[in-house]
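K.L.:
model the following, please.
(chains A and B)
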Amino acid sequence: LEDAERPPMNTFRAQLRDDPDVASAVAAIRALLGFLKQDRGETIQGLRNSLRDAIDTLSRVDSSVAVSSGGELFLRFISLTSLEYSDYSKCKEIMIERGEIFLTKVSLSRNKIAKLCHPFIRDGARILTHAYSRVVLRVLEAAVESKKRFSVYVTESQPDEAGQKMAKALRKLNIPVTVILDAAVGYIMEKVDLVLVGAEGVVESGGIINKIGTNQIAVCAKAQNKPFYVVAESFKFVRLFPLNQQDVPDRFKYKADTLKTGQNLTEEHPWIDYTSPSLITLLFTDLGVLTPSAVSDELIKLYL
Amino acid sequence: QAPELSQEEKLQLRKEKKQQKKKKKSEKGQSGEPAEQGATPEPGQPRGERRRLQRAPGVPRAGTPRCKPTGGKSKAELRAERRAKQEAERAQKQARKAELSQAATPAKPRQSPTEPQSMVKRLPEHVQVDDSAAQKKLTKKVPQREDYGTKVNLFSHLHQYSRKKPLTQQMSIPSTVIHPAVVRLGLQYSQGIINGSNARCIALLEVFKQLIRDYSTPPNEELSRDLVAKLKPHISFLTQCRPLSAGMGNAIKFLKKEISCLPDTLREDEAKEKLQDTIDKYLREKIVLAAEAISRSAFEKINDHDVILVYGCSSLVNRTLCDAHAKKGRAFRVIVVDSRPRLEGRETLRRLVRKGIHCTYVMINAISYVLPEVSKVLLGAHALLANGSVMSRVGTSQIALVSRAYNVPVLVCCETYKFCERVQTDSFVSNELDDPDDLIVLRKGQAQLGGWAENKSLRLLNLVYDVTPPDLVDLVITDLGMIPCTSVPVVLRVKNVDQ
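P.N.:
Modelled structure (predicted):
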């Protein structure tokens, strides 16, 4: 198994290194596609099992929700072929073809979302965002391209100071940006017009899993009646249904390296939190603009 | 439009023929051809038209393999039918007056020995109990069960029956029309011997299997059409005993569709066997296997050291908890909440304690006291409505409301066969009133409420169901998976596509 693990992990790591702009799920899917092409198995079942193992390996490298959900969707998307063709090699060809289609669709999703979302940013708007999200960056880029003027507040987002990275990228786009403390969200909320965040995963109830601190921002926004928008690609939709913060599985809460060491997790600080659907106004996805209750509908369609 | 008009004319002609036959019968007092609405099969008529006349409210009209899809009746047709009916009734009244026989009300004992089949008709779905005109029309044709006691004004559109006098003493049931097994079932429902939506539905389907076994097609009739017509009086009888639940309604719809879509080429015994197999499959898939699937999904939501609150007695919730305890992976304890007058929580307590689950028993007025230590609430449901509301035993919405105030997640377990397409935003529109005498309690030999009927300003209300709005429920566990409350119409849509 050790030798089989290496190729997808290496491709995955290489991709994340070379193209920092690519979503980790897209890189994972590319790695899986490469793995599929190289697979030497002879049966469909064997292929599915080895793909599943590959997905597990990848989640051990990067434990985010998106990698797991993207992998699951990829598997589902290509494995519907096994019902139609009985000849294995033909089946595999079709699978690879479909995998490529899935990959292209998924890489275009960010642009689709940007096109849907930027009309919601009006001229003179003040936006609050959280941590570093490439989708939010793309949306704000599209807004700048359509000649809108707006300013952005970014939370610092400890413990990895992802907010500083976001601020640097925004400054390159010539957008006036202010970095605020995580604790200052309640203070700044009355000044902003809307809150725009990305998501690492979108769950069945329509809630989101995102960098720690998102839940607080959502609660403050609700209290002050500010719209809370989420931008996420459709491959981030995952078949989880957490009832509260505790219900989110541990494998998503902590980084992969921490989980591997197997130390006592009560001492560790979680990296993500769960925001319930009642706090979210709208979700912008490549499937369209959805309300939280429509997410379950889309999930049923995706996974059916 | 041209073919529609000619069908309208045909409808009118048939109506008039039927009314003439009825007139002849009432004059001569003989049992003629059964004059049930729309059940007379006339050879040569297109099947779709007859389906329209049958007026079975639940039979889905589109998408079935063999049945012609119809668009429902047009307004003109409905008006024509109503006109024809009115004229016929007027003619009937005049004929009766001319006869100089007894008035219409003792029609019951006079007609029952001589005309068994035309007697018991299907009640319209929404019986307006407080509309005297509608009730007068019904008393001419159907043996009605009498209401008991004064009703609260807000619920005067519902029936309120007493359990003291058994059903068979109150109404005369023509034994040639109603199968004795159905009479037994009706008695069991009305006396509360069979309780709980799953139990009632299983009993209903078993009795229908018996009905089908004992059924024999009369000559010149087709099984697929006649059997549905024969089921109607049984269903209306059972509705009189106790209003049907949503699950039972769906099961009956399914059965009627299966019967009416039977191919003509089958012999009678083959057809009967096929129907019995279909019923068995329905029972197995929708109730038994669904319970297992739900129990497995719910197990994922039960964590170690959980404190789970349950209310009343739901067979599904009990099974989930017993299975979870048997798997021995999770240590949890249960708080059973109970309420008067049914005290169903005692049955839950009995079942759980027997399996060795650690239980606490409280009455519903103590829930604010226990909720701070509860980690989740697990409820059963009687029906799930199309807007996501949960219809369940009275008291459930109260528990959901207080749990929301304490931020405790509320989970509802419900099989998909209980999903119905009705929408209700409050608990008044459609509910069930139980025997008000249940509220009278004997303490130290004295019943304080004993003389409530004499007191003109005192009314007793014993509601059975209430409706919980969807925003108080966090998660619904069904056999199709875990869905939020707002996705119920999606499931209904998927189910309709499947069928």
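K.L.:
which residues in the stretch 301-450 of chain B form strands?
P.N.:
Assigned by DSSP state E, counting those that start in this stretch, the strands in the stretch 301-450 of chain B fall at B:306-311, B:332-338, B:358-363, B:376-380, B:383-384, B:390-393, B:410-413, B:442-443, B:446-447.
K.L.:
should've said the stretch 51-200 of chain A
P.N.:
Counting by DSSP E, counting those that start in this stretch, the strands of the stretch 51-200 of chain A are A:125-129, A:150-155, A:177-180, A:194-197.
K.L.:
so which of those is the most packed in?
P.N.:
Sort those by mean neighbour count, taking mean count of other CB atoms under 10 Å in any protein chain shown, and strand A:194-197 sits at the top with a mean of 24. C-beta: built from backbone N, CA, C; applies to glycine.
K.L.:
which elements pack onto that strand?
P.N.:
On a contact count with 3 or more CB pairs under 8 Å, 6 or more residues apart in numbering or on different chains; DSSP states H and E, strand A:194-197 meets strand A:125-129, helix A:134-145, helix A:214-223, strand A:228-231.
K.L.:
can you rerun that using 10 Å?
P.N.:
Packing contacts for strand A:194-197, counted by 3 or more CB pairs under 10 Å, 6 or more residues apart in numbering or on different chains; DSSP states H and E, involve strand A:125-129, helix A:134-145, strand A:150-155, strand A:208-211, helix A:214-223, strand A:228-231.
K.L.:
and the ones you listed as JSON lines, adding mean pLDDT?
P.N.:
Listed next are the helices and strands packed on strand A:194-197 as JSON lines, based on pLDDT from 0 to 100:
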{"stretch": "strand A:125-129", "mean pLDDT": "96"}
{"stretch": "helix A:134-145", "mean pLDDT": "93"}
{"stretch": "strand A:150-155", "mean pLDDT": "96"}
{"stretch": "strand A:208-211", "mean pLDDT": "94"}
{"stretch": "helix A:214-223", "mean pLDDT": "96"}
{"stretch": "strand A:228-231", "mean pLDDT": "96"}
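K.L.:
of those, give the one that comes closest to B:Ile202.
P.N.:
For the helices and strands packed on strand A:194-197, proximity to B:Ile202 was assessed by CB to CB; strand A:208-211 is nearest, at 41.2 Å.
K.L.:
pairing partners for that closest one, with directions?
P.N.:
Note on strand A:208-211: by DSSP bridges, its sheet partners are strand A:201-202 (antiparallel), strand A:272-275 (antiparallel).
K.L.:
so for B:Pro233, which of those strands sits nearest?
P.N.:
strand A:201-202 (52.4 Å).
K.L.:
now that closest one: average pLDDT?
P.N.:
Here strand A:201-202 scores 92 as its mean pLDDT.
K.L.:
can you check stretch A:163-172 too?
P.N.:
The model assigns stretch A:163-172 a mean pLDDT of 94.
K.L.:
in terms of secondary structure, what does the strand or helix carrying B:Lys25 contact?
P.N.:
Assigned by DSSP states H and E, B:Lys25 falls within helix B:2-28. Counting contacts by 3+ CB pairs under 10 Å, 6+ apart, helix B:2-28 packs against helix B:47-54, helix B:75-99, helix B:107-114.
K.L.:
can you list the residues of the stretch 101-250 of chain A near chain B?
P.N.:
Neighbours of chain B within the stretch 101-250 of chain A, by CB under 10 Å from any CB of the partner chain: A:203-207, A:239-244, A:246-247.
K.L.:
mind doing that once more with 6 Å?
P.N.:
Selection of the stretch 101-250 of chain A residues close to chain B by CB under 6 Å from any CB of the partner chain yields A:205, A:241, A:243.
K.L.:
where does chain B dip in pLDDT?
P.N.:
The model of chain B has pLDDT under 70 over residues B:1-5, B:27-73, B:98-129, B:134-143, B:498-499.
K.L.:
residues from it in reach of chain A?
P.N.:
For chain B, the residues in contact with chain A (CB under 6 Å from any CB) are B:409, B:474, B:482-484, B:486-487, B:490.
K.L.:
narrow those residues to those in helices?
P.N.:
B:Val490 (DSSP state H).
K.L.:
for the residues of chain B next to chain A, give me a markdown table that also has neighbour count.
P.N.:
As requested, the residues of chain B next to chain A are exported to a markdown table (neighbours: other CB atoms under 10 Å in any protein chain shown):
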| residue | neighbour count |
| --- | --- |
| B:Pro409 | 19 |
| B:Asp474 | 24 |
| B:Met482 | 22 |
| B:Ile483 | 22 |
| B:Pro484 | 25 |
| B:Thr486 | 23 |
| B:Ser487 | 28 |
| B:Val490 | 20 |
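K.L.:
most widely separated two among the residues of chain B next to chain A?
P.N.:
Largest separation among the residues of chain B next to chain A by CB to CB: B:Pro409 and B:Val490, giving 21.4 Å.
K.L.:
neighbours of the residue nearest to A:Glu141 when sequence neighbours are not counted, how many?
P.N.:
Distances taken as CB to CB, 6 or more residues apart in numbering or on different chains place A:Leu173 nearest to A:Glu141, at 6.0 Å, with adjacent residues excluded. For A:Leu173, the neighbour count with other CB atoms under 10 Å in any protein chain shown is 14.
K.L.:
run a quick neighbour tally on A:Val295.
P.N.:
By the measure other CB under 10 Å, the count of residues near A:Val295 is 27.
K.L.:
list the buried residues for the helix or strand where it lies?
P.N.:
Secondary structure assigned from DSSP H and E places A:Val295 in helix A:292-303. Judged by neighbour count (16 or more other CB atoms under 10 Å in any protein chain shown), helix A:292-303 contains these buried residues: A:292-300.
K.L.:
same check on stretch B:224-232?
P.N.:
Neighbour-count burial for stretch B:224-232, counted by 16+ other CB under 10 Å, picks out B:224-232.
K.L.:
can you pull the contacts of the residue in the stretch 101-250 of chain A that chain B sits nearest to?
P.N.:
Nearest residue of the stretch 101-250 of chain A to chain B (CB to the nearest CB) works out as A:Leu243 at 4.0 Å. A:Leu243 makes contacts with B:409, B:474, as judged by CB atoms under 6 Å, 6 or more residues apart in numbering or on different chains.
K.L.:
so it: helix, strand or coil?
P.N.:
The three-state assignment at A:Leu243 reads coil, by DSSP: H, G, I helix; E, B strand; the rest coil.
K.L.:
got phi/psi on it?
P.N.:
Backbone geometry at A:Leu243, expressed as degrees, to the nearest 10, gives phi -90, psi -30.
K.L.:
where does it land on pLDDT?
P.N.:
For A:Leu243, the model assigns a pLDDT of 92.
K.L.:
not counting sequence-adjacent ones, nearest residue to the residue nearest the centre of chain A?
P.N.:
Closest to where the C-alpha atoms of chain A average out (CA atoms, centre = their mean) is A:Glu200, at 3.5 Å. Nearest residue to A:Glu200, sequence neighbours excluded (CB to CB, 6+ apart): A:Val65, at 4.8 Å.
K.L.:
how about the helices in the stretch 151-300 of chain B?
P.N.:
B:167-170, B:180-190, B:197-214, B:223-241, B:246-260, B:268-282, B:290-301 (DSSP state H, counting those that start in this stretch).
K.L.:
those: which one's closest to A:Ala162?
P.N.:
Short answer: helix B:290-301, nearest of these by CB to CB, at 31.9 Å.
K.L.:
any residues touching the closest one, and which ones?
P.N.:
With CB under 6 Å, 6+ apart as the test, helix B:290-301 has contacts from B:316, B:319-320, B:323-324, B:413, B:415, B:477, B:479, B:482.
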